[in-house]
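Got a sequence here, can you build the structure:
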Amino acid sequence: MNKQKTLTAVSAAGLRKSFGDVAVLDGIDLNVPEGTIFALLGPNGAGKTTMVQILSTLITADGGEARIGGHDLTTEPELVRTAIGVTGQFSAVDNLLTGEENLILMADLRHLGRPEGRRRAAELLGLFDLAEAARKTAATYSGGMRRRLDLAMTLVGDPRIIFLDEPTAGLDPRSRRTMWQIIRGLVADGVTIFLTTQYLEEADHLADRIALLDHGKLVAEGTADELKRLIPGSHIRLRFSGENELESAARALGEVSRDGDALTLQVPGDGSVPSLRALLNRLENESIDVDALSVHTPDLDDVFLALTSQAGPVKDGQ
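Down below sits the predicted model:
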């Protein structure tokens with residue numbers, strides 16, 4: 001029974017939230033397995049931050065239910081808070097304190113005790129490559145260093161579920177990739193990450209599953225590859241070693257796009273294993289050899305633009 005509870009880190013059923021007459025979340029269902037990265041995407045104002053605020057007990061939902069780390073969000077909020085960490089769009093770092101002092105302060109708030117708090121602070125400063133800057137005030141830190149310190153402060157209490165709301169907003173590409181490495185390391189240790197982001201590349205690189213939120217509703221959910229296959233334009237490109245093979249394949253496959261100079265055919269297909277197997281079986285039955293094969297699918301930008309409406313977004317928290 002206990003094992004069954006821990007298989008799902010975050011679950012929600014029918015979550016609703018309105019501000020005035022605007023439905024920011026309109027019946028959201030979610031299921032996030034533990035030890036995975038779940039990314040929630042959506043246009044500005046789609047409701048992403050509102051979702052994080054509800055699941056992290058900062059605000060209450062108008063309806064529906066959720067369980068975080070096996071604890072009921074409504075009846076066991078204190079237990080939920082002990083299981084989670086939250087890093088928001090706006091840093092919790094105190095600029096007047098050093099990196100070490102920020103972490104020790106957080107340890108004090110977590111009631112770790114002075115010796116344990118100092119030990120945990122030193123451990124996290126090393127993990128996040130901040131040991132050399134430990135005695136410097138946070139005001140002197142770069143944007144990437146501040147974001148790493150902010151995440152380190154979230155980890156002081158060793159949470160097993162972490163909500164990251166736009167964790168790399170405003171960071172340069174190098175700092176963003178450093179954060180990605182840290183996030184992957186956390187998940188490798190069994191931590192569950194609930195990530196909101198507007199960087200589609202970030203979701204593509206990190207997330208095990210992605211949900212697309214638009215005007216309060218989930219309009220799509222799946223792996224990055226599954227979402228890409230939802231959009232027309234997927235195709236399989238076949239290259240052949242000679243014109244005879246190209247001609248034979250074109251006759252066998254019917255309606256395809258042809259490039260005689262490159263000796264290639266472009267065949268509509270979603271790139272899934274069944275469709276690839278069926279295509280190759282057809283060619284094998286005709287004794288046609290393929291020199292090379294590649295699958296081309298739309299990227300997450302195409303998915304985002306096709307499935308979301310950019311008109312009249314609501315504003316999170318309003």
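
switch to C-alpha atoms for all contacts and neighbour counts from now on
Fine.

Poorly predicted segments of the stretch 201-318 of the chain, please.
Using pLDDT under 70 as the threshold, the predicted model of the stretch 201-318 of the chain has low-confidence ranges 309-318.

rerun at 90
Residues of the stretch 201-318 of the chain meeting the criterion pLDDT under 90: 201, 215, 225-226, 228-236, 251-261, 266-282, 284-286, 293-318.

which residue ranges form the helices in it?
In chain order, the stretch 201-318 of the chain shows helices spanning 224-228, 243-253, 273-285, 300-307, with DSSP state H, counting those that start in this stretch as the criterion.

Most tightly packed of those helices?
Mean neighbour count (mean count of other CA atoms under 10 Å) peaks for helix 224-228 among these, with a mean of 20.

Which elements pack onto that helix?
Under the contact criterion of 3 or more CA pairs under 8 Å, 6 or more residues apart in numbering; DSSP states H and E, helix 224-228 touches helix 300-307.

C-alpha coordinates for the helix it packs on, CSV please?
Output of helix 300-307 as CSV, limited to C-alpha atoms (Å, rounded to 0.1, in the frame of the first residue of the first chain):
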residue,chain,number,x,y,z
LEU,A,300,8.0,21.9,-30.2
ASP,A,301,7.8,25.4,-31.6
ASP,A,302,5.5,24.1,-34.3
VAL,A,303,3.4,22.2,-31.7
PHE,A,304,3.2,25.3,-29.5
LEU,A,305,2.0,27.6,-32.3
ALA,A,306,-0.4,25.0,-33.7
LEU,A,307,-2.1,24.1,-30.4
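
can you give me the offset of that helix from its chain's centre?
The gap between where helix 300-307 is centred and where its chain is centred comes out at 15 Å by CA atoms, centre = their mean, to the nearest Å.

For Ala61, find the nearest of the helices of the stretch 201-318 of the chain.
With respect to Ala61, and counting by CA to CA, the nearest of those is helix 300-307 at 25.5 Å.

Using a markdown table, lay out the helices of the stretch 201-318 of the chain together with distance to Asp21.
Formatted as a markdown table, the helices of the stretch 201-318 of the chain follow (distance: least, CA to CA, whole Å):
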| stretch | distance to Asp21 |
| --- | --- |
| helix 224-228 | 31 |
| helix 243-253 | 54 |
| helix 273-285 | 46 |
| helix 300-307 | 24 |
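
So for Arg174, which of the ones you listed sits nearest?
Nearest to Arg174 among those is helix 300-307; the distance by CA to CA comes to 21.2 Å.

Can you spell out which helices and strands pack onto that closest one?
Under the contact definition 3+ CA pairs under 8 Å, 6+ apart, helix 300-307 sits against helix 200-206, helix 224-228.

I'd like those helices as a markdown table, with distance to Ala169 appended.
Compiled in a markdown table, those are given as follows (distance: least, CA to CA, whole Å):
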| stretch | distance to Ala169 |
| --- | --- |
| helix 200-206 | 11 |
| helix 224-228 | 21 |
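
Over to Leu40. Which of the three states is it?
strand (DSSP: H, G, I helix; E, B strand; the rest coil).

is it true that it touches Thr197?
Yes. Taking contact to mean CA atoms under 8 Å, the distance of 6.7 Å between Leu40 and Thr197 places them in contact.

And for the closest residue to Glu34 other than its chain neighbours, the neighbour number?
Distances taken as CA to CA, 6 or more residues apart in numbering place Ala9 nearest to Glu34, at 4.6 Å, with adjacent residues excluded. Other residues near Ala9 come to 24 when the count uses other CA atoms under 10 Å.

Ala9 should be in a strand, yeah?
Yes. Under three-state DSSP, Ala9 sits within a strand.

Distance of it relative to Ile59?
The span separating Ala9 from Ile59 equals 19 Å under the rule CA to CA, to the nearest Å.

Now do the contacts for Asp172.
For Asp172, the contacting residues are Gly144, by CA atoms under 8 Å, 6 or more residues apart in numbering.

what's next to the lengthiest helix in the chain, contact-wise?
Determined from DSSP state H, the single longest helix within the chain is helix 173-188. Surrounding helix 173-188, the residues in contact under the criterion CA under 8 Å, 6+ apart are Gly35, Thr36, Ile37, Phe128, Gly144, Arg148, Thr168, Thr192, Ile193, Glu202, Leu206.

Distance from the chain centre to it, please.
Relative to its parent chain, helix 173-188 has a centroid offset of 12 Å by CA atoms, centre = their mean.

Dump that helix to PDB, restricted to CA.
What follows is the C-alpha trace of helix 173-188 in PDB, where atoms were taken according to Å, rounded to 0.1, in the frame of the first residue of the first chain:
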ATOM      1  CA  PRO A 173      22.700  29.900 -22.700                       C
ATOM      2  CA  ARG A 174      25.800  28.600 -20.800                       C
ATOM      3  CA  SER A 175      24.100  29.300 -17.400                       C
ATOM      4  CA  ARG A 176      20.900  27.700 -18.600                       C
ATOM      5  CA  ARG A 177      22.700  24.500 -19.600                       C
ATOM      6  CA  THR A 178      24.500  24.400 -16.200                       C
ATOM      7  CA  MET A 179      21.100  24.500 -14.600                       C
ATOM      8  CA  TRP A 180      19.900  21.700 -16.800                       C
ATOM      9  CA  GLN A 181      22.800  19.500 -15.600                       C
ATOM     10  CA  ILE A 182      21.900  20.200 -12.000                       C
ATOM     11  CA  ILE A 183      18.300  19.400 -12.600                       C
ATOM     12  CA  ARG A 184      19.200  16.100 -14.300                       C
ATOM     13  CA  GLY A 185      21.500  15.300 -11.400                       C
ATOM     14  CA  LEU A 186      18.600  15.800  -8.900                       C
ATOM     15  CA  VAL A 187      16.400  13.500 -10.900                       C
ATOM     16  CA  ALA A 188      19.100  10.800 -11.100                       C
END
